[in-house]
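In: let's see this in three dimensions:
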Amino acid sequence: MTAERNPKPLTVDIRVFMLITVSAMAIAFGVGVAMGPTAAELAMASAGAAAGHKLPEVHSVDVSTAEDAAALKEDSELLHEPAGQHLLVDIKGIEASSHAMVETVKGAGLTMLSYHCHKLIPMGVSCVGVLLESHISFHTWPTEGVITLDLFTCGPNPLIPVISFHTWPTEGVITLDLFTCGPNPLIPVVPSIKALFGIPRENDEIMAQWSHELRGFRSKKIPNKDNHNYALLDHNSDLSQMIWSPMDCVYKEQVYSGLTEYQRVDVWDVVSLEDQPSQDDVLKAKLEPTDSRWTTNELVQPTRYLFLDGVLQSDNTTHKEYHEALVHPAMFAHASPKNVAIVGGAEGATLREVLKHTTVESVTMVEIDQQLMDLAKEYLPQMSDCSNLDGRADNCFDDELLNLQVENAKDWFLADEAETNKNLDVVIIDAIEPEMSSAISKDLYEEPQLWKTILDSLTEEGILAIQIGYAPTISDPKPDVGYNAPREILFQTLENLPSVQAMFVYEDSHVGFLVPKSFLIVCKSNSCRERFYAAPEDLNMEIAKRIVSSSDNNNKALQYYDGVTQIYYQVAPKAWETIYCRREPTPFECDYRHLDFGKGIYEFKMDAPAEEQVFEIMTDEVEGTRVYSKVDIPKGSYIMAEHAANSLQLSSKAVENLS
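Out: Sure, this is the predicted structure:
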């Protein structure tokens with residue numbers, strides 16, 4: 001009998017078992033870590049759950065409609081420059097809402113492809129939107145009521161209000177960033193952002209500050225009727241540098257922006273961070289000496305700026321200084337100006353200054369842009385305010401002496417060129433600077449025949465006054481190239497006219513511009529020299545005789561111009577001589593700017609015996625009085641009073657200091 005066999009039990013090596021188990025656990029842990037939430041996300045989720053909030057969802061928008069496809073095709077066929085616009089906006093004192101970002105994009109006519117929002121630690125929400133045109137983003141500080149927003153857009157299509165933001169809920173703060181590459185300005189976006197995001201917090205005041213920058217590389221646009229935004233999309237324009245770019249403005253509000261038939265007009269109210277109260281602000285607030293607001297901008301009234309084609313024209317705080325500097329040196333260089341013509345001057349301030357002279361019997365103002373005059377009356381009424389001038393209408397444009405001609409000045413002067421005899425005593429050109437490349441500027445400043453006609457319209461003692469743009473510096477190149485070339489063309493045109501007997505340039509650094517403004521006076525008679533170089537006491541006497549009285553003792557007719565100011569105008573700064581002597585060929589008089597001490601000096605000595613005299617004076621009835629040299633005078637020598645070459649004036653105080 002065979003014994004029954006028992007089956008052999010299954011055995012597993014414990015080492016293999018442990019290896020498989022540990023490996024499976026490691027793989028599961030790795031997959032969990034890779035696919036699960038991070039520690040920060042878990043903390044954020046916990047914080048959100050504790051606060052009763054949910055993480056925002058991600059939303060996407062497909063560009064799939066026939067309308068969108070057509071728009072994309074049209075957009076792709078347009079020329080794009082490698083450039084864009086970037087807008088940064090900070091708003092404080094609001095209750096921020098992520099819904100506002102979507103509504104802002106819709107209101108701007110932009111296309112939102114997708115957006116994503118997430119909470120930050122320890123607080124706040126950030127949102128980023130991808131636009132067909134570029135992007136939008138923001139961050140909020142809810143407890144501070146602050147939002148900072150950033151918007152950047154590209155594309156040639158018109159851009160209307162758009163924005164992105166980040167919020168800090170506990171702070172009530174939101175930041176915003178906007179960038180666009182299109183040719184249309186982003187500034188209209190700002191009011192929409194304020195409207196959508198600016199839900200005021202209780203007992204809190206909304207504050208906003210923003211900056212607009214041009215990014216990338218764009219070609220320089222030439223002004224024309226089909227390119228209205230060229231002045232705005234210019235890195236170097238006054239509008240960009242003074243208004244759009246600075247972030248340190250506590251108040252920056254667009255009052256008006258639009259196009260007339262001839263130019264773009266922009267009016268802005270601005271209070272800068274470093275501004276301090278003016279005398280008017282102080283009197284209005286009745287500040288006490290110990291008040292801390294003397295050195296803050298809290299009481300500062302906004303300065304209102306007027307820009308034409310992006311170029312600063314005037315403002316409501318320095319318009320008196322500027323227009324007095326333009327008008328009165330020319331008016332007082334004439335013995336008795338009766339008939340005056342103004343070219344340009346749509347604001348009415350040049351007219352106001354002319355009407356201050358009691359000798360004036362008629363003023364013809366030739367301004368091409370009626371719309372600009374209407375805008376100036378509405379937004380800058382103080383410019384044409386003559387209410388304090390005795391005997392004048394309350395509004396300068398209503399004065400009976402005014403003959404307003406709404407037409408091109410070139411056409412007005414050339415209309416009856418064959419019989420030009422307007423008998424004008426003074427013509428004042430208050431138009432766009434000669435260096436500006438606008439159609440109006442070219443029409444006026446680059447027509448030699450026009451200037452001859454203007455001079456012919458003046459009487460024999462007539463005077464022409466022109467504002468000629470920013471003053472030069474000694475670093476400028478020769479005058480017939482670069483930025484100042486149009487001004488040099490004007491100078492040489494006037495110099496070559498036989499009727500021009502004298503020309504004076506002067507400048508003023510106190511008239512409200514970033515650099516000194518310069519002016520030119522042209523005389524048909526040498527008699528104006530004596531009056532232009534009048535002693536201050538003589539000019540002050542003439543001012544007292546000629547200027548109308550003011551009904552307001554606190555608002556005198558002349559606020560800035562007087563005899564001492566005229567002294568400042570009588571000697572042009574060194575830069576004018578330096579640039580003039582860079583002409584090619586060099587003007588002969590430039591060789592005599594500095595004495596060559598190796599050359600001889602020959603002079604007529606009144607008290608010297610006849611045998612020692614170098615010169616001899618002879619008089620007869622036929623040829624009159626003549627001066628002859630009794631010796632050969634070498635070329636390059638100086639005929640002058642010797643003491644003029646070596647005299648030195650020292651004040652008594654200087655002499656005391658030397659001893």
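In: state the mean pLDDT of whatever helix or strand V327 lives in.
Out: For V327, the element it lies in under DSSP states H and E is helix 319-332. For helix 319-332, the mean pLDDT works out to 97.
In: do the same with stretch 288-298
Out: pLDDT averaged over stretch 288-298 gives 93.
In: which parts of that stretch are buried?
Out: Residues of stretch 288-298 classed as buried by neighbour count (16 or more other C-beta atoms under 10 Å): 293-294, 297-298. In short, each C-beta sits where N, CA and C put it, glycine included.
In: kindly report the same for stretch 138-150.
Out: By neighbour count with 16+ other C-beta under 10 Å, stretch 138-150 contains the buried residues 138-142, 144-150.
In: save the buried residues of stretch 288-298 as CSV, and put in secondary structure and distance to S629 too.
Out: CSV is the format used below for those (DSSP: H, G, I helix; E, B strand; the rest coil; distance: C-beta to C-beta, whole Å):
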residue, secondary structure, distance to S629
R293, helix, 73
W294, helix, 69
N297, coil, 69
E298, coil, 74
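In: how many residues are close by the closest residue to T260 other than its chain neighbours?
Out: Once flanking residues are discounted, T260 sits nearest to Q371: 3.9 Å by C-beta to C-beta, 6 or more residues apart in numbering. Q371 has 15 neighbouring residues, counting by other C-beta atoms under 10 Å.
In: sec struct for Q371, please.
Out: Secondary structure state of Q371, per DSSP: H, G, I helix; E, B strand; the rest coil, is helix.
In: measure it to A431 for me?
Out: To A431, Q371 is 16 Å away according to C-beta to C-beta, to the nearest Å.
In: which of the buried residues of stretch 288-298 sits closest to M331?
Out: Using C-beta to C-beta, N297 is the member of the buried residues of stretch 288-298 that sits closest to M331, with 37.3 Å.
In: contact partners for the residue nearest to that closest one when sequence neighbours are not counted?
Out: Nearest non-adjacent residue to N297, counting by C-beta to C-beta, 6+ apart: D275, 4.5 Å away. The contact partners of D275, taken as C-beta atoms under 8 Å, 6 or more residues apart in numbering, are 297, 300, 303.
In: mind running it again at 10 Å?
Out: 249-251, 281, 296-303 (C-beta atoms under 10 Å, 6 or more residues apart in numbering).
In: next: V426.
Out: V426 touches 327, 330-331, 333-334, 337-342, 354, 357, 360, 363, 458-459, 461-465, 521, counting by C-beta under 10 Å, 6+ apart.
In: of these, which belong to helices?
Out: Among the contacts of V426, the members falling in helices (DSSP state H) are 327, 330-331, 354.
In: show me which pair in those residues is furthest apart.
Out: Between any two of those (C-beta to C-beta), the greatest distance is 9.9 Å, for A330 and V354.
In: returning to what we had before: right, and the residue nearest to T260 touches R264 too?
Out: No. Here Q371 lies out of contact with R264, judged by C-beta atoms under 10 Å, at a distance of 11.4 Å.
In: hey, what's in contact with both of these two?
Out: G258.
In: got the end-to-end distance for stretch 236-245?
Out: Taking C-alpha to C-alpha, to the nearest Å, stretch 236-245 runs 11 Å from one end to the other.
In: for that stretch, list every residue counted as buried.
Out: Those would be 237-240, 242-244, for stretch 236-245 by 16+ other C-beta under 10 Å.
In: any idea which of those is closest to K605?
Out: Nearest to K605 out of the buried residues of stretch 236-245 is D238 (C-beta to C-beta; 57.2 Å).
In: quick one: the closest one from Y115, how far?
Out: 37 Å.
In: need the max-distance pair from the buried residues of stretch 288-298.
Out: Longest span within the buried residues of stretch 288-298, C-beta to C-beta: W294 and N297, 11.0 Å.
In: now do the shared contacts for these two.
Out: 276-277, 281.
In: give me the buried subset of the residues you listed.
Out: Here, 16+ other C-beta under 10 Å leaves 277, 281 buried among the shared contacts of W294 and N297.
In: I'd like to know which of the shared contacts of W294 and N297 are part of helices.
Out: D281.
In: I'd like the distance between L494 and M383.
Out: The value you get for L494 to M383, if C-beta to C-beta is used, is 29 Å.
In: which one of these two has more residues nearby?
Out: Ranked by neighbour count (other C-beta under 10 Å), L494 and M383 place M383 first, with 23 against 20.
In: which secondary structure state does that one sit in?
Out: M383 ends up helix, using three-state DSSP.
In: can you check A572 too?
Out: Going by three-state DSSP: A572 is coil.
In: got the contact list for it?
Out: Per C-beta under 10 Å, 6+ apart, neighbours of A572: 471, 504-507, 518, 580.
In: check which residues of the host helix or strand of Q467 are buried.
Out: In this structure, Q467 sits in strand 458-470 according to DSSP H and E. Within strand 458-470, the residues that qualify as buried are 458-459, 461-470, counting by 16+ other C-beta under 10 Å.
In: and the very next helix or strand once past that strand, what other elements does it pack with?
Out: Next in sequence after strand 458-470, counting helices and strands by DSSP H and E, comes helix 485-495. Applying 3 or more C-beta pairs under 10 Å, 6 or more residues apart in numbering; DSSP states H and E, one finds that helix 485-495 contacts helix 439-445, helix 448-456, strand 458-470, strand 502-508, strand 517-523, helix 574-580.
In: neighbouring contacts of the last one?
Out: Put plainly, it is helix 574-580. By C-beta under 10 Å, 6+ apart, the list of residues contacting helix 574-580 reads 471-479, 484, 487-488, 491, 505-507, 516, 518, 572, 586-587, 589-590, 593.
In: averaged pLDDT, that helix. What do you get?
Out: 95.
In: over to the longest one?
Out: When pLDDT is averaged along strand 458-470, the result is 95.
In: now it against helix 485-495, angle please.
Out: Here the directions of strand 458-470 and helix 485-495 differ by 160 degrees (axes from the mean of the first three to the mean of the last three C-alpha atoms, to 10 degrees).
In: which SS class is R582?
Out: R582 ends up coil, using three-state DSSP.
In: any idea which of the buried residues of stretch 288-298 is closest to K377?
Out: Checking the buried residues of stretch 288-298 one by one against K377 (C-beta to C-beta), the nearest turns out to be N297, at 28.9 Å.
In: now do the same contact list for that closest one.
Out: Going by C-beta under 10 Å, 6+ apart, N297 touches 249-251, 271-277, 281.
In: now V511
Out: 314-315, 318-326, 467, 517, 519, 560.
In: out of the residues you listed, which is most surrounded?
Out: Of all the contacts of V511, H323 has the most neighbours under the rule other C-beta under 10 Å, reaching 27 neighbours.
In: re earlier: distance of the residue nearest to T260 from G512?
Out: Per C-beta to C-beta, Q371 is found 24 Å from G512.
In: and for A330 and V354, which residues touch both?
Out: 337, 340, 426, 428.
In: max pairwise distance over these: which two?
Out: Most distant of the shared contacts of A330 and V354, by C-beta to C-beta, are P337 and I428, 10.2 Å apart.
In: shared neighbours, the two?
Out: Common neighbours of P337 and I428 (C-beta under 10 Å, 6+ apart) are 330-331, 354, 463.
In: output the below-cut-off pLDDT ranges for the stretch 51-200 of the chain.
Out: Residues of the stretch 51-200 of the chain meeting the criterion pLDDT under 70: 51-81, 95-99, 107-109, 155-200.
In: circling back: I'd like the shared contacts of W294 and N297 written out as a markdown table, with pLDDT and distance to E367 added.
Out: As requested, those are exported to a markdown table (pLDDT from 0 to 100; distance: C-beta to C-beta, whole Å):
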| residue | pLDDT | distance to E367 |
| --- | --- | --- |
| Q276 | 94 | 36 |
| P277 | 94 | 35 |
| D281 | 92 | 33 |
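In: of the shared contacts of W294 and N297, which is the nearest to F413?
Out: Distance to F413 across those (C-beta to C-beta) is lowest for D281, with 43.9 Å.
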